[in-house]
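Asker: here is my input, please return the structure:
(chains A and B)
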Amino acid sequence: MAKVLMKGNEALALAAIKGGVDAFYGYPITPQNEVPEYLSKHLIDAGKVFLQAESEVAAINMVYGAAGAGKRVMTSSSSPGIALKQEGISYIAAAELPCVISSVMRGGPGLGSIQPAQGDYYQATRGGGNGDYKLIVYAPESIQETIDIMKDAFNVADFYRNPVLVLIDGLIGQMMESVDFDRPVKERKLPVKDWATTGTKDHPGRRNVANSLHIDAQELEDQNIHLQEKYALIAKNETQHEMINMENPDYVIVAYGTMARICRSAIKELKAKGISVGMIRPITLLPYPKLAFNMIPETTKGILCCELSMGQMLDDVLISNKGRHKVGFFGRSGGMLPDPSEIVDAIENFSDKVVE
Amino acid sequence: MKVKYDKSKGLTDKPLSYCPGCTHGIIHKLVAESLVELEILDKAIAIASVGCSVFSYEFFNCDAQQAPHGRACALATGVKRVLPDNIVFTYQGDGDLASIGIAETIHAANRGENITVIFVNNAIYGMTGGQMAPTSLIGQKTTTSQDGRTQALHGNPIHISEMFSTIKGVAYLERVSVHNPKNVMKAKKAIKKAFEYQKANKGFTMIEIVSTCPVNWGVKPVDALKWVESDLIPEFPLGVFKDKGDQNE
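Answerer: Here you go, the predicted model:
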């Protein structure tokens, strides 16, 4: 397949099909509606399952059921919708069922707006469900990267038996880019789903149960320890980031998704002014690329965390920096997208932006 | 020696967690026997809910999933849509189904999901210690309606079978009771019929079973059975509310 011009949300949906999705359960919400719209036609035409659920809550629990049955299943939503799914996400993570969730972020809090934003960093990486669980969270910066990640997402979910969240914002979802669907996917040796609830006919002598209830305290703690060991393995194997212009930068920007693209332009403008600025671009927000911060030279004057929110990833930047450099923050929110010149100004007036 | 009566192979050896005098055990037996008699146990997937029956995934001798509170019909939908040849059933109480999970249940019924819902209505929240349920009777004293439920403060008890009888996707719907042997036999017949309908892909089936909670009602088990007859059944009359029979809609 040659390069095609495609809208972000539709490309995400097609990439899910390329990734082998068996079933989609979702509920309408802007700005992600092209995802279910595209799948409603193409999944059903392919003899697979598409179902518009009565609510976000029902949709994520349908995902639970189908994931427990061993199928490749996904849902898609946007910020307030993801808030409603958090209960189910906690249960799915606790029961160690693989699934893929895509979230096309809009402005918040509350009903907020339908404009692009990154105000759901906490929601994605800290979660709103109960208990000690973690997702694997990807934050691509382009439609091409969204496709590449979506194609691998079901493999990652199946390999670790863990929900994967692909987090883009309304800008990536709504814009069009020239993309290639045939780029190679990492080969992974996937375990057999011998735990799936498909009826004891498929596994005589053993009952398969998808469950998150452990009424015995020691049993639950053991399960939590097991989960933490799995999360440590995920951090070791799956953490992804991109380093840009990191040889002796005067400053380092940390940004992801759409904000990283705006920062790329700003870095070019700053270079023309004789200021060398590098960038750490987390591709996984969870696990977070903490070790990348060790690569920042001592001579760098400061780190500027840039977000389309009021300072959420900033927490992880401060944790990763471990007090070595001054850290500043630049953020816009509510659907306001900065011009690269605003980031140029923030670097030129770094001392005004310092938070720690 | 010939064994005339034995524990159903549809149940595991796990001791039931239900209180003395509670009729959940009888209902479990009826479901288990139906699955065995219809030879569908090995392709059945039970969806356990939250409430007294939270551990039912340990009691039914088949594959199972444990759902968040109220979400059993959503899980069942998710499973059945990807495994249409399996038998999928939920086992839910009145708090789970008629309160927090009513949306999931109504929409599963409306879509005509080919699943079976075992709805156990004992007019109270048992597991959490006797709070008022959507099906609690007017005047019924619970830990959250200590002077008795009133229409003005809490509204009237909700009638699930009557409501669901208006939904086109429902293939079979009956309210039964297990407070005496005659009704236990009728309940068995209804449960088995619901699974037969699912086997024949007829659509959504639900059996509402009027049940007891002597501990939280604060009465002896025998008196609980009497209260079913004297108070619960007049409010929740037994009978077939919908039967599509051989029709295919």
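
Asker: tally up the residues packed near the closest residue to residue B:151 other than its chain neighbours, please.
Answerer: Counting by C-beta to C-beta, 6 or more residues apart in numbering or on different chains, residue B:151 lies nearest to residue B:138, which is 6.0 Å off, once chain neighbours are set aside. Yep, even glycine has a C-beta here, placed from its N, CA and C like the rest. By other C-beta atoms under 10 Å in any protein chain shown, the residues close to residue B:138 number 14.

Asker: do residue B:87 as well
Answerer: Neighbour number of residue B:87 under other C-beta under 10 Å is 23.

Asker: phi, psi of the residue in chain A that chain B sits nearest to?
Answerer: The minimum distance from chain A to chain B, using C-beta to the nearest C-beta, falls at residue A:65 (2.6 Å). Phi and psi for residue A:65, reported as degrees, to the nearest 10, are phi -60, psi -50.

Asker: need the pLDDT of it.
Answerer: Looking at residue A:65, its pLDDT is 98.

Asker: where does the residue at minimal distance from the centre of chain B sit: helix, strand or coil?
Answerer: Centroid check for chain B by C-alpha atoms, centre = their mean gives residue B:119 as the closest residue, at 2.0 Å. Under DSSP: H, G, I helix; E, B strand; the rest coil, the three-state class of residue B:119 is strand.

Asker: what residues does chain B have near chain A?
Answerer: Neighbours of chain A within chain B, by C-beta under 8 Å from any C-beta of the partner chain: B:12, B:41-45, B:47, B:54-55, B:57-58, B:61-68, B:71, B:74-83, B:86-87, B:103-104, B:106-107.

Asker: enumerate every residue touching residue A:280.
Answerer: Taking C-beta atoms under 8 Å, 6 or more residues apart in numbering or on different chains, we find residue A:280 in contact with A:241-244, A:246, A:252-254, A:289, A:292-293, A:296.

Asker: turn the residues you listed into TSV, including pLDDT, distance to residue A:162 and secondary structure.
Answerer: Below are these laid out as TSV (pLDDT from 0 to 100; distance: C-beta to C-beta, whole Å; DSSP: H, G, I helix; E, B strand; the rest coil):
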residue	pLDDT	distance to residue A:162	secondary structure
A:241	98	20	strand
A:242	98	23	strand
A:243	98	26	strand
A:244	97	29	strand
A:246	96	30	coil
A:252	98	31	strand
A:253	98	30	strand
A:254	98	25	strand
A:289	98	18	coil
A:292	98	23	helix
A:293	98	25	helix
A:296	98	30	coil
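
Asker: excluding sequence neighbours, find me the nearest residue to the residue nearest to the centre of chain B.
Answerer: In space, and not counting its chain neighbours, residue B:119 is closest to residue B:208: 4.5 Å by C-beta to C-beta, 6+ apart.

Asker: try residue B:116
Answerer: residue B:89 (4.1 Å).

Asker: shouldn't the one you found be within a strand?
Answerer: Yes: under three-state DSSP, residue B:89 falls within a strand.

Asker: list the beta-bridge partners for it.
Answerer: Beta-bridge pairing of residue B:89 under DSSP bridges involves residue B:46, residue B:116.

Asker: wait, doesn't it sit right on residue B:34?
Answerer: No: in this structure, residue B:89 is not within contact of residue B:34 by C-beta atoms under 8 Å, at 9.6 Å.

Asker: which residues do these two both contact?
Answerer: Joint contacts of residue B:89 and residue B:34 (C-beta under 8 Å, 6+ apart) are residue B:195.

Asker: any idea how far residue B:98 is from chain A?
Answerer: Distance, residue B:98 to chain A, by C-beta to the nearest C-beta, to the nearest Å: 16 Å.

Asker: distance of that residue from residue B:159?
Answerer: Taking C-beta to C-beta, to the nearest Å as the measure, residue B:98 falls 9 Å from residue B:159.

Asker: what's the answer for residue B:143, then?
Answerer: Per C-beta to C-beta, residue B:143 is found 23 Å from residue B:159.

Asker: same question, residue A:342
Answerer: When residue A:342 is compared with residue B:159 (using C-beta to C-beta), they lie 61 Å apart.

Asker: and residue A:12, by the same measure?
Answerer: 44 Å.

Asker: these two: who's more crowded?
Answerer: Comparing residue A:12 with residue B:159 by other C-beta under 10 Å, the one with more neighbours is residue A:12, at 30 against 19.

Asker: does the more buried one touch residue A:147 like I think?
Answerer: Yes: using C-beta under 8 Å, residue A:12 is in contact with residue A:147, at 7.4 Å.

Asker: so which residues of chain B form helices?
Answerer: Here chain B has its helices, by DSSP state H, at B:24-37, B:56-59, B:72-82, B:94, B:102-110, B:151-154, B:160-164, B:181-199, B:214-217, B:221-227, B:233-235.

Asker: pLDDT weak spots in chain A?
Answerer: Within chain A, the segments meeting pLDDT under 70 span A:1.

Asker: domains of it?
Answerer: For chain A, automatic domain parsing gives the domain ranges A:4-238, A:242-353.

Asker: all helices of the stretch 51-200 of chain A, in order?
Answerer: Using DSSP state H, counting those that start in this stretch, the helices of the stretch 51-200 of chain A run over A:56-68, A:79-94, A:121-125, A:143-160, A:170-174.

Asker: got the buried residues for the last one?
Answerer: Of the residues in helix A:170-174, those buried by neighbour count under the rule 16 or more other C-beta atoms under 10 Å in any protein chain shown are A:170-174.

Asker: again with the second one
Answerer: Of the residues in helix A:79-94, those scored as buried under the neighbour-count criterion (16+ other C-beta under 10 Å) are A:79-94.

Asker: the third one now?
Answerer: By neighbour count on 16+ other C-beta under 10 Å, the buried set for helix A:121-125 is A:121, A:123-125.

Asker: can you give me the offset of that helix from its chain's centre?
Answerer: Remark: helix A:121-125 is offset 9 Å from the chain centroid, using C-alpha atoms, centre = their mean, to the nearest Å.

Asker: what residues does that helix touch?
Answerer: Contacts for helix A:121-125 (C-beta under 8 Å, 6+ apart): A:79, A:82-83, A:86, A:103, A:135, A:137, A:139, A:165, A:167, A:285-286, A:288, A:307, A:309, A:312-313, A:316.

Asker: my guess is residue B:129 meets residue B:143, correct?
Answerer: Yes: contact criterion C-beta under 8 Å: residue B:129 and residue B:143 qualify, at 6.1 Å.
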